[in-house]
Each structure stands twice: as C-alpha cells, then as structure tokens.
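let me see the structure of the following:
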Amino acid sequence: MDSTQSDEAVLIPKSKSKGKAAAVDVSPPPPPVATKATPLKRRVRWKKCVAIVDFFLRLSGCGAAFAAAAAVGNAEQILPFFTQFLQFHAEYNDLPTLTFFVVANASTGGYLVLSLPISIVCIVRPLAVGPRLFLIILDTIITTLTISAASAAAAIMYLAHNGNADANWIAICQQFTDFCQQITGAVVASFVAAVILIFLVTVSAFALKKTTSH
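Sure, this is the predicted structure:
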C-alpha cells in the first residue's frame, strides 16, 4: 500500500512567469467628469432663466414708457371763456418740461425695443459676457434719463395741483382737471418704467457677477 502511494506522481503546475510577480494595474482612476458637468449645466440653466426674465422685463418697461409718452402727447383740454372766440387751451408743448418728458419716454421705449434682440442673444448664449455688459451700460444711461424726466414732470404737476402762494402761481388743475389727471397718470407710468429699468440693471449686474466669479 505504501509503495503504491510513493509511486504516484504529484504534478505541480509551473508558473509561466518564471518567478516574476503578476503585474498590478496602478493607473489613476478617470477624472470625475460627471461631477464637473453638473454645476456647469446648473449655471447655464440659471443664467437662461435670468435672461428670460430680462426679456419680459424689457417688454413691460417698453409698454410703460410708450404709454407715458402717448398719454402726455395726447393730453389736451380747452376751456371756453364767455364766447367761443376766447378760450383757454392747455397742451403738453406749452411746458418745456412736458416736452422733454415725451421725448425721454419715447426714447426709453424705443431703446427697450431695440434691446430685445440682444436680450434674445443672452437667452441663446447665457454665458456670454459681452452682450450683458453692453446692456447694463446702456440700461444705466436710459434709467438716468427716465428718472430725470419723470421727476421733472412730477415737480411740475405738484405745482399744477397745489400752486405756490409765494410766487403767486395758481393751481391750474382746478380748471384743467382732465388735463392734469392724464398727465399725472403718465408720470406714474414713467416711474413704473424707471423701476423696471432699475430691476434690469440689478439683474444684469448680478448675472455678470456670477459669470466672472466662476
């Protein structure tokens, strides 16, 4: 029995590497592409939403500015005095301040219409800095123009409603009620356009800050 077991051959497989250790893959793992792409997509989505809000704000501001200019431009009232040959006539071009108001608000509305294609470019290319910077510069200039025109017209309408006893200026709105109401509504619309322009400047500045900080 023992001789039988000793005669059995024990086969041990030989390694083909001849004593060399097996190669281990120590290459670095691939970079985490997905973790970098996700914040970029979020930035693009956020800036596109900001650009869409900017577009609709420009439409709203355009409507308010044109409404203010049209209301003052069409403001007119005639008061008969004794006979039809002697009448009191009130029109916007009787006051240079109201003429400036019409020109300024018409210019604001025209600018906002012309800026709509650039706003669309910001929607298509939300990460572009050039169009946004161009808009914020022009928006600041137009905001200054609109606020100055609205403020000047508001001062004139305050005198028209209340007068000034020291300067012997009578309150003409006691006679020209319809004329003054129409001008007052236009001044309110102009201030609404100015507030919208301030929002546009703020939104553009915030979007530019986020673009340059990344």
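
C-alpha only now, for contacts and for neighbours.
Fine.

and T202, what pLDDT?
If you check T202, the pLDDT there is 91.

okay, buried residues for the helix or strand that it is a member of please.
In this assignment (DSSP states H and E), T202 forms part of helix 177-213. For helix 177-213, burial by neighbour count (16 or more other CA atoms under 10 Å) applies to 179-180, 182-184, 186-187, 189-201, 203-205, 207-208.

centre of the chain to that helix, how far?
Helix 177-213 sits 10 Å away from the centroid of its parent chain (CA atoms, centre = their mean, to the nearest Å).

that one packs against which elements?
Judged by 3 or more CA pairs under 8 Å, 6 or more residues apart in numbering; DSSP states H and E, the packing partners of helix 177-213 are helix 33-73, strand 76-81, helix 130-162.

how far off centre is stretch 127-147?
The answer for stretch 127-147 is 9 Å, by CA atoms, centre = their mean.

ok, residues contacting it?
Applying CA atoms under 8 Å, 6 or more residues apart in numbering, the contact partners of stretch 127-147 are 44, 47, 104-105, 108, 115, 118-119, 121-122, 190-191, 193-194, 197-198, 200-201, 204-205, 208, 211.

in a markdown table: the helices and strands packed on helix 177-213, plus distance to I172 and mean pLDDT.
Below are the helices and strands packed on helix 177-213 laid out as a markdown table (distance: least, CA to CA, whole Å; pLDDT from 0 to 100):
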| stretch | distance to I172 | mean pLDDT |
| --- | --- | --- |
| helix 33-73 | 16 | 84 |
| strand 76-81 | 12 | 71 |
| helix 130-162 | 5 | 93 |
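
looking at those, which is closest to N93?
With distances scored as CA to CA, the stretch of the helices and strands packed on helix 177-213 nearest to N93 is helix 33-73 (8.3 Å).

tell me what angle the closest one forms with helix 177-213.
Put simply, helix 33-73 runs at 160 degrees to helix 177-213, going by axes from the mean of the first three to the mean of the last three CA atoms, to 10 degrees.

please name every helix or strand in contact with helix 33-73.
Packed next to helix 33-73, using 3+ CA pairs under 8 Å, 6+ apart, are helix 96-114, helix 116-124, helix 177-213.

go through those helices and name the closest to A64.
With CA to CA, the closest approach to A64 among those belongs to helix 177-213: 5.4 Å.

can you list the helices and strands packed on helix 33-73 in JSON lines and add distance to V53?
Shown next, in JSON lines, are the helices and strands packed on helix 33-73 (distance: least, CA to CA, whole Å):
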{"stretch": "helix 96-114", "distance to V53": "14"}
{"stretch": "helix 116-124", "distance to V53": "10"}
{"stretch": "helix 177-213", "distance to V53": "9"}
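
so which of those helices comes closest to N74?
Nearest to N74, of all the helices and strands packed on helix 33-73, is helix 177-213, at 8.9 Å by CA to CA.

buried sites along stretch 108-118?
Neighbour-count burial for stretch 108-118 flags T108, G109, Y111, L112, S115, L116 (criterion: 16+ other CA under 10 Å).

from N105, how far out is the residue nearest to A51 when sequence neighbours are not counted?
Of all residues beyond its chain neighbours, the one nearest A51 is I123 (5.1 Å), with distances taken as CA to CA, 6 or more residues apart in numbering. Look at I123 and N105: by CA to CA, to the nearest Å, they are 26 Å apart.
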